[in-house]
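S.K.: structure for this input, please:
(4 chains, ligands or ions: 8)
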Number of protein chains: 4
Amino acid sequence: MTDFFKDIPEIAYEGPDSTNEFAYRHYNPAEMLNGKSMEDHLRFAIAYWHSFAWPGGDPFGGQTFERPWFGDTMDLARLKADVAFEMFRILGQPFYCWHDADVRPEGATLAESRSRMEEMTDYLGQKQEAQGTRLLWGTANLFTNRRFMAGAATNPDPDVFAYSAGIVKYCMDATQKLGGENYVLWGGREGYETLLNTDLKRERAHAGRFLQMVVEYKHKIGFKGAILVEPKPQEPSKHQYDYDVATVYGFLKEFGLEGEVKMNIEQGHAILAGHSFEHELAMAASLGIFGSIDMNRNDYQSGWDTDQFPNNLPEVALAYYEVIKAGGFTTGGTNFDAKLRRQSLDPVDLILAHAGAFDVCARGYKAAAAMLADGALEAARAQRYAGWDSAEAQAMLGQGLDEIAARVEAEGIEPEPRSGRQERLENLVNRFT
Amino acid sequence: MTDFFKDIPEIAYEGPDSTNEFAYRHYNPAEMLNGKSMEDHLRFAIAYWHSFAWPGGDPFGGQTFERPWFGDTMDLARLKADVAFEMFRILGQPFYCWHDADVRPEGATLAESRSRMEEMTDYLGQKQEAQGTRLLWGTANLFTNRRFMAGAATNPDPDVFAYSAGIVKYCMDATQKLGGENYVLWGGREGYETLLNTDLKRERAHAGRFLQMVVEYKHKIGFKGAILVEPKPQEPSKHQYDYDVATVYGFLKEFGLEGEVKMNIEQGHAILAGHSFEHELAMAASLGIFGSIDMNRNDYQSGWDTDQFPNNLPEVALAYYEVIKAGGFTTGGTNFDAKLRRQSLDPVDLILAHAGAFDVCARGYKAAAAMLADGALEAARAQRYAGWDSAEAQAMLGQGLDEIAARVEAEGIEPEPRSGRQERLENLVNRFT
Amino acid sequence: MTDFFKDIPEIAYEGPDSTNEFAYRHYNPAEMLNGKSMEDHLRFAIAYWHSFAWPGGDPFGGQTFERPWFGDTMDLARLKADVAFEMFRILGQPFYCWHDADVRPEGATLAESRSRMEEMTDYLGQKQEAQGTRLLWGTANLFTNRRFMAGAATNPDPDVFAYSAGIVKYCMDATQKLGGENYVLWGGREGYETLLNTDLKRERAHAGRFLQMVVEYKHKIGFKGAILVEPKPQEPSKHQYDYDVATVYGFLKEFGLEGEVKMNIEQGHAILAGHSFEHELAMAASLGIFGSIDMNRNDYQSGWDTDQFPNNLPEVALAYYEVIKAGGFTTGGTNFDAKLRRQSLDPVDLILAHAGAFDVCARGYKAAAAMLADGALEAARAQRYAGWDSAEAQAMLGQGLDEIAARVEAEGIEPEPRSGRQERLENLVNRFT
Amino acid sequence: MTDFFKDIPEIAYEGPDSTNEFAYRHYNPAEMLNGKSMEDHLRFAIAYWHSFAWPGGDPFGGQTFERPWFGDTMDLARLKADVAFEMFRILGQPFYCWHDADVRPEGATLAESRSRMEEMTDYLGQKQEAQGTRLLWGTANLFTNRRFMAGAATNPDPDVFAYSAGIVKYCMDATQKLGGENYVLWGGREGYETLLNTDLKRERAHAGRFLQMVVEYKHKIGFKGAILVEPKPQEPSKHQYDYDVATVYGFLKEFGLEGEVKMNIEQGHAILAGHSFEHELAMAASLGIFGSIDMNRNDYQSGWDTDQFPNNLPEVALAYYEVIKAGGFTTGGTNFDAKLRRQSLDPVDLILAHAGAFDVCARGYKAAAAMLADGALEAARAQRYAGWDSAEAQAMLGQGLDEIAARVEAEGIEPEPRSGRQERLENLVNRFT
Ligand SMILES: [Co+2]
Ligand SMILES: [Co+2]
Ligand SMILES: [Co+2]
Ligand SMILES: [Co+2]
Ligand SMILES: [Co+2]
Ligand SMILES: [Co+2]
Ligand SMILES: [Co+2]
Ligand SMILES: [Co+2]
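M.R.: Numbering: from 1, shown residues only, chains lettered A, B, ... in the order given. Ligands and ions are numbered 1, 2, ... in the order given. Below is the predicted model:
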């Protein structure tokens, strides 16, 4: 046991009136709701990268965090894993997630990187078993190393495509080995900086083929989890091809993958694409491709990916409302893709940032469930569209413009607008948040 | 002949050294380029709505333009048409475009609106024939009237769907009657204000069915033009379903329409979606759905649709570069969906705003054509992707992740990054603009 | 009594567990907090313009609201006032606010507009007295009429400056006559569309002189209320001179007015300037120019002034936290500069939008007061800056760079960063919201 | 001589028809315009940091540039200086700029950092003398090191204030020693991440006192250059106190520094503040605080500081138009605060990015000068405000609201709006760009 978190107690549920900073006030894992525990509804996961691999830099400043495990040796990688699992024990969440680059030092060759990954997944597997923490998903880091500066699958150099294939292969293997429930692709470098040097059509074709290869390999190795794509509009590339859910849907259709791939939707990326989080969730649900969420928060007034911890209850509640309406999580879950502000230097900050985020999410989930149980919001929606439930309205959908036009003229139809009642519905939501 | 533009001469080409405000310095319709006249390359069209139907209001102020044809009678509608065609004569562009609501006063019923439209299209047809101005496209205004406040095809009330079908039917009839080369749909109200009262899935299904009806009716009446959808991300709705080209592509695929519908891409809407104009053009071309453009300019620092006249040569040149690479216009063209600033009160402002816009577009088009003829930009692009032209690279696209990974390890492949040369390519563009 | 709100009961406090849509769950006007009633802490006001004068248009659509008082006669203006005061009675808030243009039809001349204003303020004065509703502030509409399209005090035409002076004079007279507690200036047209036609220096000089005249006239007539300026960055002008609090402060200093004028700060305008509402409040407080607030909400992802009703408790609480720290309201108050969404057609929407907003504000105010009473947030802040309380640190502020530098070198000072604890403070706030 | 730029020739002027990538097509230093050489009008400077100290990282990826001088030794610092001056020789621009951290490795203590700076400025001084390149300005890096994570002058820890004073002292000394013509302050960390842990008033007071110390020290050492502040709205802090020109002006007035400090205005920072570059320039000129410019370009659709090389002629021309109207540069100049895209790996990219930027600026400057010489734009502006030149209008500025109001009523003044002619003026500009 390391002493990084020494003197920090395990966080336990004490109820909403607790003023103990080291207690959950809303997240009660064992609490049952509609026949399922909160732990199983929310399926919290912690992101290895932000908490253990990020040094605290920003575009104008370097490392602020001084962690004993920073460095490039396998020993330090094991120390990092030890501390990570101590945090998982303290927080008690059921899942975690990683990129290869988070858990092992980069090797001099692909073979060495792979071999180090295998060694580290042995180590992580033992820790998973010992502690009961599970892997929600694995993914490959195809963006940090300078070889990816012009893309991974979409790189002008086919050798980078090949190298990326090699990495993704061993990351999928590692995910399967550790019982991961999903495998995620994030295309931060799959896009372009300037159209002047870019063959957009060719790049997208390569991206499509790469994703097909991922799906083929999943079936070849019998991986039972879901393949997820995480959309984001811009940064680090000026434009990324996986802009938002609707864009990725078109991409999946173009390459025949809409039945094979689902979405991992991040709050902050939704915001950067000009949408609300709930929009992206509802869109994915309506297209049948909802998978999992990366929970965090983006500053609304910056154009970069702030990855802050969520803290706004009304917003979180509306997001979970869409999650529940989409059927809740199956393989997916709530991954906290959130990082400390770079001034939050202390080990205790790492613990309490997550604890606060767990609480606001649990509270939001319960509020969403209560809104659905109450039924008033859904009833209002149903009533607003009730006209479409008539046989005549349904029949109209099978007719032609001319038939419909003739009927409007014959019957002298003049629709009368009805209130959309937005503010009343907002008031209703505020009763629950 | 009205006296609205009295004393304003027809605008003729005088060459780049002219200091005559009432002359084209770059737009020379008869000038031949690659075997086709500039008129036929650019296919300029004027938008009836901004120039003749917009009173000059903004969110904090009312009408600033005082036009003799403002009002709701058929006589005033004819006067408006007279003035419009006088402007077309003065400017000499080959095309124009309309919504039904621009050219005829709203009737008390759908039947009356249709009948007025028929009367006005008789009148416009005579004017077209007399003057030689042609219709680039027609479209329906399904957003101004309060009946559309909650959408047209996506309205919760099926009667609004029906009413909208009736309008689109007569607008398609009118477009065909006037020899229009395209029919455009713009979904400003097809979207939502708040997800709280919205059934997103149902609304999108209705929108998909409506677009299928449009395509079916096109074939029924034998309309030879193209059906175009114009994307836009937000305003007037908080979220519009036709967010951008990639989103609309997914929508077309979902409803089986990708072979039937193309894009009308507006500069300002590209900007509002977080893209560059050239991105949207390149994306549409790569997906095989490029159709036509709405040329204008959006202020980069406002979040609303400013519809200013284009005036930035380097930006216009890069847009036409993508148009030419996409094969140029077939049924499409350059529609100036641009409006005067509300302080630009004078008839002469209306003429000279268009003349200046024609000039910057002609200059941009010629610059783009020269860049392509020069070939250095395309050569640099080809060279950047040259690795993919090898047989080995092409073969890789047929392999699996594991085969590729094995090869990378076996051959010890370590890709070496090469410069993207962005600034040098930007310098190259500046040689032409 | 009109029947516009017939069957709508007066809204009374029923407590947080009430499920009655027509009750306050949090706003209890008589509730005492720190020796003052909630009514006196919050000083709610309703804005005449959004609720009674706005027809529901947006940039792509016209009127959606059909109100019996819409029109240009004095009779209709009186009907409007009757309905307004009925709403004030139903909601029970202590204050309201107006522009001249909200309460009287425009006259053919300045003299007629003034005379109508005098007639209407007689009428409003009787209603105020009868009902007990008071005027928080009056202001002049110097933006809707086309004469203001290029500015009021900053217009290139001195006659518009003069005309504006005439309007402001009678609006200040009317405000004084009705016992208004403040007079507000909002410079929507004081700015520019394009620098190409603008003499920025001259325009700002005229704006400065105009504001001096307002202050001089205030003293001349013995008006006891505060003069307030409301900042906003853009829309309707491309750039407005009163961009934000810091900008206005510089302007006041330039024209010697920082002791005479305070700020009316609107949530939505803060957002449009790239700030948070609480930033603008804290900035005004730190500069000694905090006055009053326009409470509403701006969509974070649009670039226009959405003026929605507030509904996000955590945000509202943080704003009131700054208000309380600034000493609370003296002449100022909470004016709901908020309008219904244009689809919210019904009289009941008007009532319940306000009722919900009152509730979220009351709840936010109480949360803010509780946070301050708890003291943990202020204690953390004090502790973070505690180093500055030492005599040595204070002495340093009187030294020169070279003295300080010498001491750093002599003592080998190397500062050790300490955690900013942002997430822990966010958790703390969430205990109260 | 190093071989970093080997085989790259010195860039010389060859005229607009040259197709030589290694030639100036527009920047002809010796060319005379209005009695002064282009070199003296434009006063080009190169920024040491972007070109020689930046490794190419972005938020999702690390170093892409592999430069032989990267590392922390004094020998490498001298190699870096050698290469820098070789680039200055090749490009032939008269000036350069630095932060201390660009030119010397950080020491273990302030004393060591200072001593290294002294050693390096000896070295740079010899190179300046040998080559004739001069120092436009020096500045201190108070943002990269983790000690500044919570601010420099505004840090909660007074030791950081002291340490910052120490650095600024030796940077001012170094600037004076090298004949620098200005000293610049950039407050990237002077602002806050969250108001929850920030005492905004106290921080601003410390920032004000710090700037006073800088001015006092300038006078103490007899530094003849200008003290400049560079505004920026956000990133790296969420909010920076030096938001924009108007904000800094208010700050200077608050601390009595408006006669001592001028502005260094960066294109990209203007954009991030919601302004155009020319707005910031015109604002500074109107307030009498225009000093110098940081020329670059910000992507309009990202919210971060992209610092790209300028390449848009019309925009550059409008900026220089304001510079010339402000009287041109005295101590200031055109510093290219621009960095290569991180994929532009080659030495030749570094040279040609600057060469292209020099060219677009020279071309823009000449276009601006020609517009002013032509006079049509200024004549239109003068005519628009001509009404204010009358004695009556000037007299009005000395009157009171009531006098003016009485005159408007007596004379029945009703202003008639006149066209703002925006599009015609835009056309006019296009004749020169
Ligand atoms: Co994520
Ligand atoms: Co993110
Ligand atoms: Co358009
Ligand atoms: Co538009
Ligand atoms: Co307001
Ligand atoms: Co507002
Ligand atoms: Co700069
Ligand atoms: Co910058």
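
S.K.: in the stretch 1-150 of chain A, which residue sits nearest chain D?
M.R.: With Cβ to the nearest Cβ as the measure, A:Phe60 is the residue of the stretch 1-150 of chain A nearest to chain D, at 4.0 Å. No exception for glycine: its C-beta is placed from N, CA and C like everyone else's.

S.K.: wait, that residue touches D:Asn141, no?
M.R.: No - the criterion here is Cβ atoms under 8 Å, and A:Phe60 misses it with D:Asn141 at 9.2 Å.

S.K.: which one of these two has more residues nearby?
M.R.: A count of neighbours by other Cβ atoms under 10 Å in any protein chain shown puts D:Asn141 above the other of A:Phe60 and D:Asn141, at 22 against 16.

S.K.: quick one, strands of the stretch 51-200 of chain A?
M.R.: A:95-99, A:134-139, A:182-186, A:191-192 (DSSP state E, counting those that start in this stretch).

S.K.: which SS class is the most centrally placed residue in chain A?
M.R.: Closest to where the C-alpha atoms of chain A average out (Cα atoms, centre = their mean) is A:Asp294, at 2.4 Å. Of the three states, A:Asp294 takes strand under DSSP: H, G, I helix; E, B strand; the rest coil.

S.K.: beta partners for it?
M.R.: For A:Asp294, the beta-bridge partners are A:Glu266, A:Asn335 (DSSP bridges).

S.K.: just the CA trace of stretch A:262-280, in CSV.
M.R.: Extracted C-alpha coordinates of stretch A:262-280, given in CSV (Å, rounded to 0.1, in the frame of the first residue of the first chain):
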residue,chain,number,x,y,z
LYS,A,262,-22.7,2.8,-30.8
MET,A,263,-21.9,6.1,-29.2
ASN,A,264,-19.9,7.1,-26.2
ILE,A,265,-21.2,10.7,-25.6
GLU,A,266,-19.3,13.2,-23.6
GLN,A,267,-21.0,16.3,-22.1
GLY,A,268,-18.2,18.6,-23.0
HIS,A,269,-18.0,17.4,-26.6
ALA,A,270,-21.7,17.9,-27.0
ILE,A,271,-21.3,21.5,-25.8
LEU,A,272,-18.3,22.2,-28.1
ALA,A,273,-20.5,21.0,-31.0
GLY,A,274,-23.1,23.6,-30.3
HIS,A,275,-25.5,21.1,-28.7
SER,A,276,-26.8,20.3,-25.2
PHE,A,277,-25.7,17.0,-23.7
GLU,A,278,-29.3,15.9,-23.7
HIS,A,279,-29.6,16.6,-27.4
GLU,A,280,-26.8,14.3,-28.2
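
S.K.: re the thing from before, out of the strands of the stretch 51-200 of chain A, flag the one nearest A:Asp157.
M.R.: strand A:191-192 (14.6 Å; Cβ to Cβ).

S.K.: from the contact counts, what lies against that closest one?
M.R.: With contacts taken as 3 or more Cβ pairs under 8 Å, 6 or more residues apart in numbering or on different chains; DSSP states H and E, strand A:191-192 sits against strand A:239-240.

S.K.: other SSEs contacting the strand it packs on?
M.R.: Packing contacts for strand A:239-240, counted by 3+ Cβ pairs under 8 Å, 6+ apart, involve strand A:191-192.

S.K.: now the following helix or strand past the strand it packs on and strand A:182-186, what's the angle there?
M.R.: Downstream of strand A:191-192, the first helix or strand assigned by DSSP states H and E is helix A:200-221. In terms of direction (axes from the mean of the first three to the mean of the last three Cα atoms, to 10 degrees), helix A:200-221 departs from strand A:182-186 by 170 degrees.

S.K.: and helix A:200-221, what's buried?
M.R.: A:200, A:203-215, A:217-218 (16 or more other Cβ atoms under 10 Å in any protein chain shown).

S.K.: is it in proximity to chain B?
M.R.: Yes - using Cβ under 8 Å from any Cβ of the partner chain, helix A:200-221 reaches chain B at A:200-202, A:204, A:206, A:209, A:213-214, A:216-217, A:220.

S.K.: the residues you listed into CSV, with extra columns for pLDDT and distance to B:Gly132?
M.R.: CSV is the format used below for these (pLDDT from 0 to 100; distance: Cβ to Cβ, whole Å):
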residue, pLDDT, distance to B:Gly132
A:Leu200, 98, 38
A:Lys201, 98, 38
A:Arg202, 98, 43
A:Arg204, 98, 42
A:His206, 98, 48
A:Arg209, 98, 50
A:Met213, 98, 56
A:Val214, 98, 57
A:Glu216, 98, 58
A:Tyr217, 98, 61
A:Lys220, 98, 64
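
S.K.: max pairwise distance over those: which two?
M.R.: A:Leu200 and A:Lys220 (30.3 Å).

S.K.: okay, A:Tyr365: pLDDT?
M.R.: At A:Tyr365, the pLDDT value in this model is 98.

S.K.: surely it is in a strand?
M.R.: No - under three-state DSSP, A:Tyr365 falls outside any strand and is assigned helix.

S.K.: element containing the nearest residue to it once chain neighbours are set aside?
M.R.: Once flanking residues are discounted, A:Tyr365 sits nearest to A:Tyr320: 4.5 Å by Cβ to Cβ, 6 or more residues apart in numbering or on different chains. Here A:Tyr320 sits within helix A:313-325, counting by DSSP H and E.

S.K.: hmm, who's touching that helix?
M.R.: Applying Cβ atoms under 8 Å, 6 or more residues apart in numbering or on different chains, the external contacts of helix A:313-325 come out as A:267, A:276-278, A:281-282, A:285, A:290, A:293, A:295, A:297, A:310, A:329, A:360-361, A:363-365, A:367-369, A:371-372, A:429-430, A:432-433, B:195, C:311-314, C:430, C:433.

S.K.: kindly report the same for stretch A:30-38.
M.R.: Contacts of stretch A:30-38 with the rest of the structure, by Cβ under 8 Å, 6+ apart, involve A:13, A:27-29, A:39, A:41, A:362, A:365-366, A:369.

S.K.: so which of those is the most crowded?
M.R.: Neighbour-wise, those (other Cβ under 10 Å) top out at A:Tyr27, 28 neighbours.

S.K.: mind listing what that residue touches?
M.R.: A:13, A:38, A:42, A:355, A:358-359, A:361-362.

S.K.: cool, and A:Phe143?
M.R.: A:152, A:186, A:188-189, A:236, D:60-61.

S.K.: now do the closest residue to it other than its chain neighbours, the pLDDT please.
M.R.: For A:Phe143, ignoring the flanking residues on the chain, the nearest one in space by Cβ to Cβ, 6+ apart is A:Gly188 at 4.3 Å. According to the prediction, A:Gly188 has pLDDT 95.

S.K.: so A:Gly188 sits right up against A:Pro236, yeah?
M.R.: Yes - contact criterion Cβ under 8 Å: A:Gly188 and A:Pro236 qualify, at 5.3 Å.

S.K.: and the stretch 1-150 of chain A, which residues reach chain D?
M.R.: The stretch 1-150 of chain A comes close to chain D at residues A:56-64, A:143-146, A:148-150, as judged by Cβ under 8 Å from any Cβ.

S.K.: let's go with 10 Å and repeat that
M.R.: Residues of the stretch 1-150 of chain A lying close to chain D (Cβ under 10 Å from any Cβ of the partner chain) are A:55-66, A:141, A:143-150.

S.K.: separate out the buried members of those residues.
M.R.: A:56-58, A:60-61, A:64-65, A:141, A:143-150.

S.K.: residue of chain A closest to ligand 4, please.
M.R.: A:Gly274 (15.8 Å; Cβ to the ion).

S.K.: sec struct for that residue, please.
M.R.: coil.

S.K.: let me know the secondary structure of the closest residue to it other than its chain neighbours.
M.R.: Leaving aside its sequence neighbours, A:Gly274 sits nearest to C:Gln301 (Cβ to Cβ, 6+ apart; 5.5 Å). Three-state assignment for C:Gln301 (three-state DSSP): coil.

S.K.: selection in PyMOL covering whichever of the contacts of A:Phe143 are buried, please.
M.R.: Selection of the buried residues among those in PyMOL, burial being defined by 16+ other Cβ under 10 Å:
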select buried, (chain A and resi 152+186+188+189+236) or (chain D and resi 60+61)
